[in-house]
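Participant: Predicted model and sequence below, questions to follow.
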Amino acid sequence: MVTICIDGKGEVQGFSDWKLWPGNESGEIMLTCHFPSGKKYSRPISECQITPTRILHKVLLERKGSSVISAAERVVIYGEKYAVVYYTGNNKPYIMKSDELDFQSSSMFTQEAVFSYFIRIAKERISYARGSNKAIAENVLRQMEKIIPHPDTALYSYCSGKNKERDAINSFIFPFGLNESQLLAVERAFSSQFSIIEGPPGTGKTQTILNIIANILIQNKTVAILSNNNTAVSNVYEKMDKQGLGYLIARLGSTENKQNFFSSPVPLPEKQLSHSLPISAIEDIFQKVKIHLNAINQIAALNADIDELTIEYKYLQQWYNEHNTEESSVTNHYRFSSRKTVDLLAYMHYLSERRIGLKNRLDLLLNFRILRVRPLKDQDQRSALFTSLQLFYYEEAIKEKNDVLAEYNKILMSSDFDALLKKLQLFSMHFLKNHLQENISESTLFDADSYRKKFDDFIKRFPIIGSSTHSIVNSIGEGALLDYVIIDEASQQDIVPGILGLGCARNVIVVGDRKQLPHVPTELPVKSPKEYYDCVEYSLLDSLCMLFKKTAPVTLLKEHYRCHPKIIQFCNKQFYNGELIPMTTDTGESSLSLVVTAKGNHTRHFSNLRELESIEGHYWDEKSSRGYIAPYNAQVNLAETVLPADFVKSTVHKFQGRECDEIVFSTVLDKKRSSQLSRNINFVDDPHLINVAVSRAKNKFTLVTGDSVFEKHGKHIAALIRYIRYYAEDEEIFESPVISAFDLLYREYDKSLERLNARLNPDDSRFKSEQITARLLRDLLSQDAYQSVMFHSQIALKQLVSVDHGDFTVRELSFIRNRASCDFVLYYKVGKTPLAVIEVDGGYHLQGSQIERDELKNNILAKCGLPLLRLRTIDSNIEGKLAEFLTWVLGQKTSVQI
């Protein structure tokens, strides 16, 4: 209840209503009381006392329905009906209805350590900048100083390190299509103040952004799309224009962009309300589609597995034929499943040094239905069976996966999935367009000089703002706070000015790929208050991932649509830990090519004419778009004078975000000491650069490199060479005395050994020490320094070394052929080339016969150039020995004593 007292006259009785209004030109506020009789009584507010009255100091106020936030020095709220607002530096009172306002205490984060660090960074950048860059740096600082210290901004949460959960929305539309990962990314974008989307090449990140924007629009909310380059934002513009939605976007940013936008405004489309299902009906269709999204991914993953199995099977058959191995009839008689096959392989290994007793006979009968054990007693027959089982594994695994593949395809066909997905997309687009026509109207005319003063009207007409991160604060109204900001290419975005986007939005979605080329910062002598805010070391995406860790959702877009499977699978295995799913199909095309130049030092001032001459006679598909990329500008400039004009020629850095049907990547460096300097090798062999270079190619990738230039000191190019040699149609793998892993078989074999060991009696098992070593190896190989390495256990020596390529003695050959095996073999993940061997030696290794066998194995591996580490079960610091050995093998130390 409100009471009003007049100075000297007591409480006013019987009034029916009251209001405040501005009086004379001096700005004095007047109070008028209305009475039921129709009379009214007015006095200056200075002569009245209204109860209740409360005073707020230094608050932020926001009109309901407005995006603009103002900072008030003082707000006097009378009777919870009127708010009289006094702005900083202005004594004029502004009368507003209090129920139309939201008040928020101003945050102090802009005066605290983290934001102060960002201000110092911005100032240092000004002092280091020259020419037009100096003006840009000064503009960034001015915008930072305009940021409103509102506690609901994303910047406040970033500086305080506290991400906020948001109430998830219940229904979504997908007018731009979807897949399983994109669905997850869209859902998560609305469940958290910060949402992170990792978008590897060709995984549909623009499509994901468009679906997020569509769901923002149907909530009548606002969004800005930002990037540090025009290409990323232009992709969104292009797709929106194509769907007739370009009229929603205010394409701002630079002064030139603003002039272009306001000089040619895109008019509203004519109202054409189409039939639109209610959101509940669209949700029903979506739920049906959602059920089958995983099946689509399973089909793609199965196709990839079948391709990989087929290649490994081809190599095993080649090995089988070269060794004239006798075939066993057991596999034809018993017809095991692929899993049962590897279980039997594991059990045969267990029996390899044992006499077959009654218990073993029972195991063979009960687990494998094998009654006759005579073939297992003879060494030659046992060896033939072992190899036959390996071949049978591939045959059966391929058949089993094809059967599962057929079932998934049958399910999708019966549900008419493609039609369902098109229906979801069509009805979602109709719903969106109808919603927009009902809620967007031409209310007023805007120009570059006045739109910021009428920003509430402007943002209702143009709910999507497009800008660079450098200009976003200047592109919106003073104090405006948008609902969402989407920052694309965030892995290339500096923290400053990236935080400008965070300072003008409540919620942020960042999209990028930390595996592609990062930002290139200026070294500055300013110490960061916390590591994850370091503007020199980290991009905005890096910083957010480190800061929020598990409190902000991170979604990897897994489905890849651009490259031929054999091309993207290199990036997948080398950089993405096998998480990508190639959605393209391999129909036997030649997709990989390796051109090795003649021996010699051909590099001059970071250009290499010989590498260009080596591809002059290459066959090119004239109908395809072709690109030539290299690490250095000097090589690109030389290519302009040598290669045909229809080649797009560029450095890898400038080609990020682009693609061609065919890509040629030239590594330039040779074996001269100057080329082999660490800074040069590290620059060309940078994983981000290699990832970008390979993933630019849609149909064919050609690597042009020198002979043995990167094998010694390189890492990723060496892996790429191994990969091409393994998968390219016209290349052989058997070039050295070592044989690459039959990886999928060994992976299953390793699991079978573990399952077998779980069933064994600890008293008679010799596997415990090896299990400990395997556990230590897995822990070690999970570290970043050893990510390129994997291991398999109990590998037959005859499938590790080729007897045709080594100078072996008769005794060594006999040893190789008679089921000798290695405890652990380390392989490169990419290319599957053997790297080293680890043996675990128990007490029995001190016995005479075992000493002789160990010496034989030592000599054989030495002749093949495979390093060997022997671990005794009585040794200590096994972890340290393994780490030292791996580091030495990978060439990360010049000399290590094992």
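Facilitator: Perfect, I can see it now.

Participant: Break the chain down into its structural domains.
Facilitator: Following the assignment in the TED database, the chain carries domains at 3-105, 150-268+440-559, 295-414, 584-738, 744-892.

Participant: Serialize these to JSON lines and add fields for mean neighbour count.
Facilitator: For glycine as for every other residue, the C-beta is placed from the backbone atoms N, C-alpha and C. As requested, those are exported to JSON lines (neighbours: other Cβ atoms under 10 Å):
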{"stretch": "domain 3-105", "mean neighbour count": "15"}
{"stretch": "domain 150-268+440-559", "mean neighbour count": "20"}
{"stretch": "domain 295-414", "mean neighbour count": "16"}
{"stretch": "domain 584-738", "mean neighbour count": "18"}
{"stretch": "domain 744-892", "mean neighbour count": "17"}
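
Participant: lowest-confidence stretch among these?
Facilitator: Among the domains of the chain, domain 744-892 has the lowest mean pLDDT, at a mean of 80.

Participant: what sits against the residue nearest the centre of the chain?
Facilitator: Nearest to the mean C-alpha position of the chain, by Cα atoms, centre = their mean, lies E198 at 3.1 Å. Residues near E198 by Cβ atoms under 8 Å, 6 or more residues apart in numbering: 512-514, 554-557.

Participant: could you redo the last one with a cut-off of 7 Å?
Facilitator: Applying Cβ atoms under 7 Å, 6 or more residues apart in numbering, one finds that E198 lies in contact with 513-514, 554-557.

Participant: and the residue nearest to I169 when sequence neighbours are not counted, what are its phi and psi?
Facilitator: Leaving aside its sequence neighbours, I169 sits nearest to F190 (Cβ to Cβ, 6 or more residues apart in numbering; 5.1 Å). When read as degrees, to the nearest 10, the backbone of F190 gives phi -110, psi 10.

Participant: Kindly report the same for S591.
Facilitator: Main-chain torsions, S591, degrees, to the nearest 10: phi -110, psi -10.

Participant: Got the phi and psi for the closest residue to it other than its chain neighbours?
Facilitator: Leaving aside its chain neighbours, S591 sits nearest to H564 (4.1 Å; criterion: Cβ to Cβ, 6+ apart). Dihedral pair for H564: phi -60, psi 140, per degrees, to the nearest 10.

Participant: got it, and the one 4 residues further on?
Facilitator: When quoted as degrees, to the nearest 10, the phi and psi of I568 stand at phi -70, psi -20.

Participant: Does it touch M583 like I think?
Facilitator: No: in this structure, I568 is not within contact of M583 by Cβ atoms under 7 Å, at 9.6 Å.

Participant: Can you check which residues contact both of these two?
Facilitator: Both I568 and M583 are in contact with H560, where contact means Cβ under 7 Å, 6+ apart.

Participant: Which residue of these two possesses the greater neighbour count?
Facilitator: I568 (30 against 22; other Cβ atoms under 10 Å).

Participant: residue contacts, the more buried one?
Facilitator: I568 makes contact with 560, 580, 582, 695, according to Cβ under 7 Å, 6+ apart.

Participant: From those residues, which land in strands?
Facilitator: Among these, the ones falling in strands (DSSP state E) are 560, 582.

Participant: Can you redo the contacts of I568 as JSON lines, where the extra columns are distance to S650?
Facilitator: Supplementary listing: the contacts of I568 in JSON lines, determined by distance: Cβ to Cβ, whole Å:
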{"residue": "H560", "distance to S650": "22"}
{"residue": "L580", "distance to S650": "25"}
{"residue": "P582", "distance to S650": "25"}
{"residue": "S695", "distance to S650": "15"}
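
Participant: among the contacts of I568, which two are most distant?
Facilitator: Longest distance between any two of the contacts of I568 is 11.6 Å, between P582 and S695; criterion Cβ to Cβ.

Participant: picking that back up, mind listing what the residue nearest to S591 touches?
Facilitator: 584, 586, 589, 591, 699.

Participant: and the last one, that's in a helix?
Facilitator: No: checked against DSSP: H, G, I helix; E, B strand; the rest coil, N699 lies outside a helix; its state is strand.

Participant: is it true that it touches E662?
Facilitator: Yes: between N699 and E662 a contact is recorded at 6.2 Å, counting by Cβ under 7 Å.

Participant: Overlap of the contact sets of these two?
Facilitator: Common contact partners of N699 and E662 (Cβ under 7 Å, 6+ apart): S624.

Participant: quick one, helices of the stretch 701-850 of the chain?
Facilitator: 716-727, 743-759, 768-781, 810-817, 848-863 (DSSP state H, counting those that start in this stretch).

Participant: what about the longest helix in this protein?
Facilitator: Criterion DSSP state H: the longest helix present in the chain is helix 279-322.

Participant: and stretch 699-719, how far from the chain's centre?
Facilitator: Averaging C-alpha positions (Cα atoms, centre = their mean, to the nearest Å) puts stretch 699-719 24 Å from its chain's average.

Participant: again, but for stretch 385-400
Facilitator: The answer for stretch 385-400 is 36 Å, by Cα atoms, centre = their mean.

Participant: need the contact list for the residue lying closest to Y727 once chain neighbours are set aside.
Facilitator: Residue nearest to Y727 in three dimensions, not counting chain neighbours: K566, with 5.4 Å by Cβ to Cβ, 6+ apart. Residues near K566 by Cβ under 7 Å, 6+ apart: 586, 591-592, 727.

Participant: Please apply the same query to L61.
Facilitator: Per Cβ under 7 Å, 6+ apart, neighbours of L61: 70, 72, 75, 85, 101-103.

Participant: could you dump these to TSV with distance to H716 and secondary structure?
Facilitator: Converted to TSV, those look like this (distance: Cβ to Cβ, whole Å; DSSP: H, G, I helix; E, B strand; the rest coil):
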residue	distance to H716	secondary structure
S70	53	strand
A72	57	strand
V75	60	strand
V85	61	strand
L101	58	strand
D102	53	strand
F103	56	strand
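
Participant: Relative to K832, which of the contacts of E198 is nearest.
Facilitator: Of these, the one sitting nearest to K832 (Cβ to Cβ) turns out to be L556, at 24.5 Å.

Participant: The closest one and T208: what is the separation?
Facilitator: Distance of L556 to T208, given as Cβ to Cβ, to the nearest Å: 11 Å.

Participant: what do you get for A397?
Facilitator: In terms of Cβ to Cβ, A397 sits 34 Å off from T208.
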